[in-house]
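**Student:** Fold the following for me, if possible:
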Amino acid sequence: MEEIQIKFKFTAEDLADIKHFCVEHFPGFNLLGSNCAEAISLTRNEAELLRSHLTTILARIGFDENYELNLDGNRIELLIDMLFVQ
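**Tutor:** Numbering: from 1, shown residues only. Prediction:
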């Protein structure tokens, strides 16, 4: 049985951020390939994997010395929310 593809809409900046954060912190990560469209299709498992990677990155670099979200943390948190699948 084929998994259902879910369409996610992103800006070019969002996709650039996803690629930047994931490739920098998870070498070899290529879930998005060379996709630079404003909407991408992912399976539920792919979306959850991407959210998991971003959550790990958020814990690594997303907070300042006072444990408040920094600029990267705010961007990453937004991307995590955008990838939520019910």
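
**Student:** measure stretch 77-86 end to end?
**Tutor:** Counting by Cα to Cα, to the nearest Å, you get 17 Å between the two ends of stretch 77-86.

**Student:** For that stretch, which outside residues touch it?
**Tutor:** Here stretch 77-86 makes contact (Cβ atoms under 8 Å, 6 or more residues apart in numbering) with 6, 8, 10, 14, 17-18, 21, 42, 44, 47-48, 50-51, 54-55, 58, 62, 69. (C-beta placed from N, C-alpha, C; glycine too.)

**Student:** And for stretch 46-64?
**Tutor:** With contacts defined as Cβ under 8 Å, 6+ apart, stretch 46-64 is touched by 6, 8, 18, 21-22, 25-26, 29, 31, 42, 69-70, 72-74, 76-77, 79-80, 83-85.

**Student:** mind showing which ranges of the chain have poor pLDDT?
**Tutor:** 1, 27-38 (pLDDT under 70).

**Student:** In it, mark out all the helices, start to finish.
**Tutor:** Per DSSP state H, the chain carries helices over the ranges 12-25, 44-61, 71-82.

**Student:** possible to save the ones you listed as TSV with distance to residue 2 and mean neighbour count?
**Tutor:** Converted to TSV, these look like this (distance: least, Cβ to Cβ, whole Å; neighbours: other Cβ atoms under 10 Å):
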stretch	distance to residue 2	mean neighbour count
helix 12-25	24	16
helix 44-61	12	16
helix 71-82	24	16
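
**Student:** Next one: residue 56 from residue 49, what distance?
**Tutor:** 11 Å (Cβ to Cβ, to the nearest Å).
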